[in-house]
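Visitor: Provide a 3D model corresponding to the input given below.
(chains A and B)
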Amino acid sequence: MQIQVRCNCGEGDCSEWAIIELQGLVESQTSIGDEIRNLEIGRLCHSSCLEGSYTFTVGYHELTGTKMILKKPLLVLQKSKTVVNGGDKRGELQIVGIIRQKILFKTRPKALISRSHVKERKVLNLRSSNAE
Amino acid sequence: MKEIDVHDANSNAVPYVENEHLPNEKWKGGGAEALLKMEKDASVSVKYHSNFGSHDDLLLLEVDDKLLSEFLNNRITIRGQPNDEAVLCTPSTTYALKFVGTSNSVFLIPAGEHNSLNNDVASNNELAEARSVVSVLKVASGVMELVPIAPKLDKLKFLLKERLYTLEEDDEMDMESDTHNRGLYSFQDLRDLIQASDNELIAGLESLSALEINGFWRILDKSITNDVLTMILRNAIIHEWQISALKEYEVLPMLESDGYPLKIVIHCLNTHGNKSESSENGLLWSLDEKKLCLHFAKQILTSKKMKLENFMTKWKSNLPTEMNTDLTILEGEVLCEKIGMETWIRSFSVSSLPSSPQERFATLFKERPKWEWKDLHPYIRDLKVPGVSSEGLLIKYTRKTQPTEDSEPVFSAR
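Guide: Numbers count the residues shown, from 1 in each chain, chains lettered A, B, ... in the order given. Predicted structure coming up:
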């Protein structure tokens, strides 16, 4: 069996996706339940003085990170099935995007101590782990 | 195929997508551009996408820049049977797909402007606000990496040996059509069955001396090659042809009149000789002495072991007298052993051994617990593992002992 990897966008014209990567997990507060679609995770700011430096405020945590170019790009592939000659389904992988850059927050978060801030953004809290 | 089985009907995670219908519609509006082009001092709101979910049909594959253009030009396929580990093939190389997990949160943000608002009615303010939102579609648990591997060609020989080509089958071509093609494989069939890139598959077919007949890749029954070569040598003596310069216009009609199809004769010449062109005599074929010697040695040693002297006599008698029957030609094809005063020879061909180093060494040490380097070398020199030298293989799979400083080292199992 062969699965063709397809790219419909043509060379150099793949839509560019992006990654925001941080340590640990982001969890929504239990009161929110499972429906987290459209929920705000946090606010990302590009530093005013340092090009490529970012802060990401999630709940009452602040993370500092940088934009980096991936050593090797990542392709975003989607598995799909197409119908070929009358009913046979054939697997296919389609390139739907390419990722060349990510914003990486590799340090542990800093707690923001302002109380008003905590109230404003208490919908989310961030549990950080020691992983990586 | 494990890892990326897109054929598994039980997998609910794989959505069924009609052809022509671009699957990425539902992911519009991730806002990746806005994120990557943020001005200094600007800020964006990071949200979960309105279609946020596990999206198991989405994979991230790490690809280096060299390979990227192969992907963008549709020259990549994934190959394997349902029980194989999937491999990825470029036209020339085979790669294993390795999943590398991460415990970090990797938020995947699709391309496209945020479209939560209808552009017609939205005010400039609202549009500006929409542009300052980026949406996370999925949290990726890791990425797939590509690791170059040796093509898995062992199965190729096995498949092609299911039904060797015989001269009689040309007369039986009117057989019922469903049994007719059983055990026969076209190049397209082989692509589906063999985990190797196209170039590696072609090289594999060449090394098996396979031939495309009526659209199927075949190995000739040994007796055909033997008969054709014997006939050529016999005719060469009768008609005083030169083995190093056989004139095609003389050889082909002669063999054809004896009932050998031209295509088969040319294939035998091709696999046992070289072609050149002369202005006077047209195409000339020079039979390769080593290949001829090897062929007849294998032919003699098909069944059991023989006393070396009997073998040598028989071998020489099959070949033109001027040919040099030297045992070094048979490296990697035969083993000699001393039993009492006699030396015996028997067939032990490297091409019949497994191609994975671990299985190869296991088979070799089952055959003989101890190997001298000169005997061992012909049976391992073809092993190729990307990133591992042949010394590395020896260290990994053998124990080297040297009774005294100037004696030959002996290799045994680890």
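Visitor: touching chain A at all, the helix or strand harbouring B:Glu200?
Guide: Assessed by DSSP states H and E, B:Glu200 sits inside helix B:198-207. No. On the criterion CB under 8 Å from any CB of the partner chain, helix B:198-207 is out of touch with chain A, staying 10.8 Å away. For every residue, glycine as well, the C-beta is placed using N, CA and C.
Visitor: is the lengthiest strand in chain A in proximity to chain B?
Guide: Criterion DSSP state E: the longest strand present in chain A is strand A:61-84. Yes. Using CB under 8 Å from any CB, strand A:61-84 reaches chain B at A:67, A:72-83.
Visitor: list the strands paired with that strand, with their directions.
Guide: strand A:53-58 (antiparallel), strand A:88-105 (antiparallel), strand A:110-111 (antiparallel), strand B:58-62 (antiparallel) (DSSP bridges).
Visitor: in chain B, what helix or strand scores lowest on average pLDDT?
Guide: Using mean pLDDT, DSSP states H and E, helix B:177-180 stands out as the lowest-scoring helix or strand of chain B, at a mean of 60.
Visitor: got the buried residues for the helix or strand that it is followed by?
Guide: Sequence order places helix B:187-193 as the next helix or strand after helix B:177-180, per DSSP H and E. For helix B:187-193, the buried set under the neighbour-count rule, 16 or more other CB atoms under 10 Å in any protein chain shown, comprises B:190-191, B:193.
Visitor: name the nearest of those residues relative to chain A.
Guide: B:Arg191 (5.7 Å; CB to the nearest CB).
Visitor: can you pull the contacts of the closest residue to that closest one other than its chain neighbours?
Guide: In this structure, B:Arg191 finds its nearest non-sequential neighbour in A:Gln2, 5.7 Å apart by CB to CB, 6 or more residues apart in numbering or on different chains. A:Gln2 makes contacts with B:77-79, B:191-192, as judged by CB atoms under 8 Å, 6 or more residues apart in numbering or on different chains.
Visitor: any idea what A:Gln2 is bridged to?
Guide: B:Arg79.
Visitor: can I get the buried part of the residues of strand A:61-84 next to chain B as one PyMOL selection?
Guide: Selection of buried members from the residues of strand A:61-84 next to chain B for PyMOL, criterion 16+ other CB under 10 Å:
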select buried, chain A and resi 67+72+73+74+75+76+77+78+79+80+81+82
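Visitor: for the residues of strand A:61-84 next to chain B, point out the one with the lowest pLDDT.
Guide: Lowest in pLDDT among those is A:Val83, which has 68.
Visitor: quick one: closest of the strands paired with strand A:61-84 to B:Asn51.
Guide: strand B:58-62 (11.3 Å; CB to CB).
Visitor: let me see the residues that make contact with the closest one.
Guide: Contacts for strand B:58-62 (CB under 8 Å, 6+ apart): A:72-79, A:93, A:96, A:99, B:4, B:97, B:108, B:137-138, B:140, B:142-146.
Visitor: could you rerun that using 7 Å?
Guide: Strand B:58-62 has contacts (CB atoms under 7 Å, 6 or more residues apart in numbering or on different chains) with A:72, A:74-78, B:4, B:138, B:140, B:143-146.
Visitor: hang on, the earlier thing: now the contacts of A:Gln2 as CSV including pLDDT?
Guide: Putting the contacts of A:Gln2 into CSV (pLDDT from 0 to 100) gives the following:
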residue, pLDDT
B:Thr77, 95
B:Ile78, 94
B:Arg79, 94
B:Arg191, 95
B:Asp192, 93
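Visitor: out of those, which is nearest to A:Asp13?
Guide: Looking across the contacts of A:Gln2 and measuring by CB to CB, the closest to A:Asp13 is B:Thr77, at 21.8 Å.
Visitor: other SSEs contacting the strand or helix carrying B:Trp371?
Guide: Per DSSP H and E: B:Trp371 is located in strand B:370-372. The contact analysis (3 or more CB pairs under 7 Å, 6 or more residues apart in numbering or on different chains; DSSP states H and E) places strand B:370-372 against strand B:410-413.
Visitor: give me the contact list for the strand it packs on.
Guide: B:365, B:369-372, B:376, B:398-401.
Visitor: could you do stretch B:143-155 as well?
Guide: Applying CB under 7 Å, 6+ apart, the external contacts of stretch B:143-155 come out as A:74, B:59-63, B:87-88, B:93-100, B:193-197, B:200, B:204, B:354-355, B:384-386.
Visitor: can you give me the end-to-end span of it?
Guide: 30 Å (CA to CA, to the nearest Å).
Visitor: over that stretch, what's the mean pLDDT, rounded is fine.
Guide: 92.
Visitor: what count of nearby residues applies to the closest residue to chain A within the stretch 201-350 of chain B?
Guide: Distance from chain A to each residue of the stretch 201-350 of chain B (CB to the nearest CB) is smallest for B:Leu201, at 11.8 Å. Neighbours of B:Leu201 under the rule other CB atoms under 10 Å in any protein chain shown: 22.
Visitor: returning to what we had before: could you give me the buried positions within the helix holding B:Glu200?
Guide: For helix B:198-207, by 16+ other CB under 10 Å, it's B:198, B:200-201, B:204-205.
Visitor: run through the bridge partners of B:Tyr165.
Guide: B:Leu220.
Visitor: and the pLDDT at it?
Guide: 93.
Visitor: can you tell me which residues contact it?
Guide: B:213, B:218-221.
Visitor: and the helices in the stretch 151-300 of chain B?
Guide: Ranges of helices in the stretch 151-300 of chain B, per DSSP state H, counting those that start in this stretch, are B:154-160, B:177-180, B:187-193, B:198-207, B:222-239, B:248-257, B:262-272, B:289-300.
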